[in-house]
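Novice: Okay, sequence plus prediction incoming.
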Amino acid sequence: MSRVVHAFTTEIPVWSPYVTPVDLAAATPEQMAAMQVTPSNKGVSPYVLTLAHDPESLAVRSPLFNQIMYGRQGLTSAERELGAVGASVVNRCIYCAAVHASRFNNLTKRPEVMDAIFADERSAKLEPREQAIFDFAAQLSDTPPTITGAATKKLEQVGLDTLEMVDLILSAAIFGWANRLMHTLGEPTEPI
Amino acid sequence: MTLIEHMAGIRPGTPLAQAMAARAEILRLSQAAHDAVLLPKKPGGISHGLRAALAARMARQNAQPRLAEHYDELMRRSGEMQDSDVSLREQTRVAAIVTHADLLTLRPRDATRNDIEALRRAGLGEPDIVRLAELAAFVNYQVRVIKGLQGLGEAKR
């Protein structure tokens, strides 16, 4: 059995569920539809097969996630990924943090930002715009959320417009959702 | 108007209302997600009433009393009454569900394999374990969208 990954990393681990995923061969038509399994798309991850135990939620969550992370206009893709990482650091979802830090790095070619976040987590020192975005995402991820008017003001000061702020809220919040599935229903293990 | 817009108090004609119009599909899908986790066609071992009660508790833990009232109302509408003659097995099962819902809301970072094992010992099968996670995950998404949008609404006043 491979070892569990406990430290933040940009090397994407393998996700191993604690629960037994749905058996694709035995999946119901509703589960197949929720997993978006078609004759041309038969590759289904253990994560999606696990979530297929609740096909009603899965069928809605996938398009919602895609709209929030990849919708047009508004906040840049890289900054949505930064919001996702902010939430994932607070909730300590090693797997989510790895995937979305990697995407940020691919988009920006600035690995030093994620290096700083993974080293110092919420104390990380970043450029002003990234600092405001990361801090806001982290504060929104506390329970209850600890964001204040000052955090919103900071976003304005570093130049975010209203739609960009909405996109940041949505990207951090959807990781409040994703982290609670990924980190609690399974664990990240070292790639073989 | 979707529940999130209603709770966030978005006023027509403001920059925030314009931004939300650009994200109308996200609001629509968020409402559909609410219905999928609170009022599913197949609730399994977590009834509509129990889901609403758990959601109200999660909303309060996130300092969203108005949202909690919405879920209290859903609980009442479910028509599920408190039964004084609940079996010990059912009491144990519900207690394990509440304990796990609290963990997922308050300290998700501390969750481990042992917490899933505890649910199994209390009699939950795989589908109910996933249903419970989706419910907690959704409500914790929803409270954060509302809280964030409320902040933007205040900043624009």
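Specialist: Nice, thanks for sending it over.
Novice: tell me the contacts of the one residue in chain A that gets nearest to chain B?
Specialist: Nearest to chain B, among the residues of chain A, is A:Ile169, at 3.3 Å (CB to the nearest CB). Using the backbone N, CA and C atoms, a C-beta is placed for each residue, glycine as well. Counting by CB atoms under 8 Å, 6 or more residues apart in numbering or on different chains, A:Ile169 makes contact with A:140, B:144-145, B:148-149, B:152.
Novice: now, the most widely separated pair of the residues you listed?
Specialist: Among those, the pair separated by the greatest distance (CB to CB) is B:Arg144 and B:Leu152, at 12.8 Å.
Novice: quick one, which of these two is more surrounded?
Specialist: B:Arg144 (29 against 22; other CB atoms under 10 Å in any protein chain shown).
Novice: what about B:Thr105, distance to B:Ala137?
Specialist: Distance, B:Thr105 to B:Ala137, by CB to CB, to the nearest Å: 10 Å.
Novice: make that B:Gly151, sorry
Specialist: Distance, B:Gly151 to B:Ala137, using CB to CB: 22 Å.
Novice: From the neighbour counts alone, determine which of the two ranks first.
Specialist: B:Ala137 (27 against 23).
Novice: would you say the more buried one is within a helix?
Specialist: Yes - residue state for B:Ala137 (DSSP: H, G, I helix; E, B strand; the rest coil) corresponds to a helix.
Novice: and it, what does it touch?
Specialist: A:176-178, A:180-181, B:104.
Novice: With A:Pro111 instead?
Specialist: Counting by CB under 8 Å, 6+ apart, A:Pro111 has contacts A:10, A:105.
Novice: Check the one 10 residues further on too.
Specialist: Counting by CB under 8 Å, 6+ apart, A:Glu121 makes contact with A:8, A:89.
Novice: tell me the pLDDT at it?
Specialist: pLDDT, A:Glu121: 98.
Novice: any idea how far B:Ile116 is from it?
Specialist: 26 Å.
Novice: neighbours around the closest residue to A:Arg103 other than its chain neighbours, how many?
Specialist: Spatial nearest neighbour of A:Arg103, chain neighbours left out: A:Glu81 (4.8 Å); criterion: CB to CB, 6 or more residues apart in numbering or on different chains. Per other CB under 10 Å, the neighbour tally for A:Glu81 reads 24.
Novice: A:Phe104 too?
Specialist: By other CB under 10 Å, neighbour count at A:Phe104 equals 25.
Novice: Secondary structure element holding it?
Specialist: For A:Phe104, the element it lies in under DSSP states H and E is helix A:94-108.
Novice: Past that helix, which element shows up next along the chain?
Specialist: helix A:111-120.
Novice: Could I get the buried residue list for that next one?
Specialist: Across helix A:111-120, burial judged by 16 or more other CB atoms under 10 Å in any protein chain shown covers A:113-114, A:116-118.
Novice: Check whether the helix or strand that that helix is followed by comes near chain B.
Specialist: Remark: after helix A:111-120, the chain's next helix or strand is helix A:128-141, criterion DSSP H and E. Yes - judged by CB under 8 Å from any CB of the partner chain, helix A:128-141 and chain B are in contact via A:140-141.
Novice: Pull the residues that contact helix A:128-141.
Specialist: A:79, A:82-87, A:89-91, A:113, A:117, A:122, A:124-126, A:145-148, A:151-152, A:154-155, A:157-160, A:168-169, A:171-173, A:175-176, B:144, B:147-148.
Novice: Next up, the contacts around B:Lys42.
Specialist: So B:Lys42 contacts A:Glu56 (CB under 8 Å, 6+ apart).
Novice: again, but for A:Trp15
Specialist: Counting by CB under 8 Å, 6+ apart, A:Trp15 has contacts A:45-47, A:95, A:182, A:186-189.
Novice: are any of the residues you listed buried, and which?
Specialist: Buried, going by 16+ other CB under 10 Å: A:47, A:95, A:182, A:186-189, out of these.
Novice: Mind checking which of those are in strands?
Specialist: Within these, residues falling in strands by DSSP state E are A:186-189.
Novice: Kindly reformat those as TSV containing pLDDT.
Specialist: As requested, those are arranged in TSV below (pLDDT from 0 to 100):
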residue	pLDDT
A:Gly186	98
A:Glu187	97
A:Pro188	97
A:Thr189	96
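Novice: Pick the one among these closest to B:Asp35.
Specialist: A:Gly186 (26.5 Å).
Novice: For the closest one, give the beta-bridge partners.
Specialist: A:Pro17 (DSSP bridges).
Novice: so it makes contact with A:Leu51?
Specialist: No - using CB atoms under 8 Å, A:Gly186 makes no contact with A:Leu51, being 10.7 Å away.
Novice: any low-confidence regions in chain A?
Specialist: Applying pLDDT under 70 to chain A flags the ranges A:1, A:39, A:42.
Novice: for chain B, which residue is closest to the average position?
Specialist: B:Val139 (3.1 Å; CA atoms, centre = their mean).
Novice: Give the full set of residues in contact with that one.
Specialist: B:37, B:54-55, B:58-59, B:62, B:105.
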